[in-house]
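In: pasting the structure only:
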């Protein structure tokens, strides 16, 4: 109950904060559109020359692309703004005040900011998924639910990864570049995972499980995701969340507040 | 009321042989040095706080003095639980600060004059509301405390302005409010008046004294402004190079390092120059040992019968200058 009240208070503040920047709604409308075109257009160009890539037709690939846009949108909406604020807080020492509050610092630090303008990216993602589905047999209810659940689980896995990167900032102080690296790796998720072979595929599904967030929900919608893979996705997410929690607690316990 | 406290007053803060040592990489000069530093780092130990012990009782107001880098802030951070001591024991309200237990955090506060917890883009009232949720304060209690603080600090006009539009002084008042909404029993204040103009300094000082009187809060304060310390605290801790070198009342300190009085004649009387007075902004000023003061006053009244005369203690900041100078000479006899 207490946590719920705290979450409500945090959401209120995050929204008020975001409302200060009305211009970003327009800016993100444009960047959302540009990045959608930037991802869909190359895909369309490649499919001009071939029917299938690694077994995926154009409209099947659009599902992956749609989930990728949704992932970008969700990370930009709620994950990235908070975690970059933590990095900044470690550097400036502003985290001091948070650490001295009788609350779970991870909960508060993960919910202080929100970028509602990223809603455009989410809408674009939904649009692209629907476009893909329009030319495919409509998925069953179970398949649709599985896809949604796997996507949400995948989001938590992505959050956990970001937290792990952030935790290193408690040691190395300046890690903004690391999160750019992560963004670059996440970018690999825009292609169906079966395009990748061997170690790379394993890396993208288990270590940095972006494939899980984009390809698995698409496979579920297509009715091609075995139950074993669905379970694997959930397990990977839980393991990552546990590891990131432990890393966070460890990092916090050795937090040394910066300057005076 | 907890009976244990009433029957057997324990020290609110009990610090024993506290030390904090930082390992800092040695920066070698020049580009080649920097490059070498990337691969092979050599470290040296910096003893920020070394073997410090003291006790503070319930409701005391204590001033923490020392030059920059003496270890004041490091000590406050260890007392509040932000930093882990390298060795030694700290007990604050019976808790070990570094464990950062919620029951401990609910009863203390740390204000850092150079950092802010107020959310920059929205009104201070929203930060207060957020703190209410974080400390899980009862709404009625919270309202009462906030009303009281708003009245004490005259905040009613600035509560609903975005923090970025507030002046430094207004912001500091809101920072203090955010820091004490949960009615902490112990206040750690690190440079709470830094950068404020004189009037605002006075207001913040009055507020801290008021908090101590009304809520019975124990206050440990550091400040660059000696007037803060002089006005707010009767007990002084002096720390230098990480070591506690004085713990006692201001009067004792004055007797030890400045056992003289300053005699001021508030008008220009050239005849006093012969008595050792010097002119200072149209006034005549000199210092005299305590047992010489009466004699000096008689002499002054004979030479300038109508003058207004004052006798003062040596100001605290001058005392400190002398104190650290004498310590420096002892340490470095060259």
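Out: That came in fine, so what should we check first? In this text, all values refer to a predicted model and were calculated from it rather than measured experimentally.
In: alpha carbons only for contacts and neighbour counts from here, please
Out: Noted.
In: how about the residue in the stretch 51-200 of chain A positioned nearest to chain B, secondary structure?
Out: Chain B sits closest to residue A:102 of the stretch 51-200 of chain A, with a gap of 4.5 Å, by CA to the nearest CA. At residue A:102 the chain is in coil, as set by DSSP: H, G, I helix; E, B strand; the rest coil.
In: for the closest residue to it other than its chain neighbours, give me its contacts.
Out: Nearest residue to residue A:102, sequence neighbours excluded (CA to CA, 6 or more residues apart in numbering or on different chains): residue B:102, at 4.5 Å. Residues in contact with residue B:102 (CA atoms under 8 Å, 6 or more residues apart in numbering or on different chains) are A:101-103.
In: and those, which are buried?
Out: Neighbour-count burial (16 or more other CA atoms under 10 Å in any protein chain shown) is assigned, among those, to A:101-103.
In: nearest spatial neighbour of residue 59, skipping sequence neighbours?
Out: With no chain named, the answer covers chain A. Take residue A:59 and drop its neighbours on the chain: the residue closest to it by CA to CA, 6+ apart is residue A:132, 4.4 Å away.
In: switch to chain B, please.
Out: Nearest non-adjacent residue to residue B:59, counting by CA to CA, 6+ apart: residue B:218, 4.2 Å away.
In: also residue B:201?
Out: Spatially, and ignoring its direct neighbours in sequence, residue B:201 is nearest to residue B:193 (5.7 Å; CA to CA, 6+ apart).
In: from memory the one you found sits against residue B:223, does it?
Out: Yes: the pair residue B:193 / residue B:223 is scored as a contact, 7.3 Å apart, by CA atoms under 8 Å.
In: of these two, who's got more company?
Out: Neighbour totals were compared for residue B:193 and residue B:223, and residue B:193 leads with 26 against 20 (other CA atoms under 10 Å in any protein chain shown).
In: roughly how far does that one sit from residue B:113?
Out: Look at residue B:193 and residue B:113: by CA to CA, to the nearest Å, they are 7 Å apart.
In: before we move on, back to that, can you tell me the SS state at the residue nearest to residue B:201?
Out: Counting by three-state DSSP, the backbone at residue B:193 sits in coil.
In: pull the contacting residues for it.
Out: Counting by CA under 8 Å, 6+ apart, residue B:193 makes contact with B:113, B:172, B:200-201, B:204, B:223, B:225.
In: for it, give me the backbone phi and psi.
Out: Main-chain torsions, residue B:193, degrees, to the nearest 10: phi -110, psi 10.
In: repeat that for residue A:102.
Out: With angles defined as degrees, to the nearest 10, residue A:102 shows backbone torsions of phi -80, psi 60.
In: isn't it right up against residue B:134?
Out: Yes: taking CA under 8 Å as the definition, residue A:102 is a contact partner of residue B:134 at 6.7 Å.
In: chain center to the helix or strand containing residue B:35: distance?
Out: Element membership of residue B:35, judged by DSSP states H and E, is helix B:30-39. When C-alpha coordinates are averaged (CA atoms, centre = their mean, to the nearest Å), helix B:30-39 and its chain have centres 40 Å apart.
In: what residues does the stretch 101-250 of chain A put near chain B?
Out: Counting by CA under 8 Å from any CA of the partner chain, the stretch 101-250 of chain A comes close to chain B at A:101-103.
In: mind doing that once more with 6 Å?
Out: The stretch 101-250 of chain A comes close to chain B at residues residue A:102, as judged by CA under 6 Å from any CA of the partner chain.
In: in the stretch 101-250 of chain A, which spans are helices?
Out: Shown for the stretch 101-250 of chain A, the helices assigned by DSSP state H, counting those that start in this stretch span residues A:105-111, A:119-134, A:141-167, A:169-172, A:176-187, A:198-202, A:210-221, A:227-253.
In: any chance of those in CSV, plus mean neighbour count and mean pLDDT?
Out: As requested, the helices of the stretch 101-250 of chain A are exported to CSV (neighbours: other CA atoms under 10 Å in any protein chain shown; pLDDT from 0 to 100):
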stretch, mean neighbour count, mean pLDDT
helix A:105-111, 17, 91
helix A:119-134, 20, 93
helix A:141-167, 21, 91
helix A:169-172, 17, 69
helix A:176-187, 14, 72
helix A:198-202, 12, 83
helix A:210-221, 28, 89
helix A:227-253, 17, 90
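In: CSV please, covering those and showing distance to residue A:12.
Out: Below are the helices of the stretch 101-250 of chain A laid out as CSV (distance: least, CA to CA, whole Å):
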stretch, distance to residue A:12
helix A:105-111, 10
helix A:119-134, 17
helix A:141-167, 21
helix A:169-172, 28
helix A:176-187, 27
helix A:198-202, 40
helix A:210-221, 28
helix A:227-253, 25
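In: closest to residue B:97 out of the ones you listed?
Out: Nearest of the helices of the stretch 101-250 of chain A to residue B:97, taken as CA to CA: helix A:227-253 at 12.2 Å.
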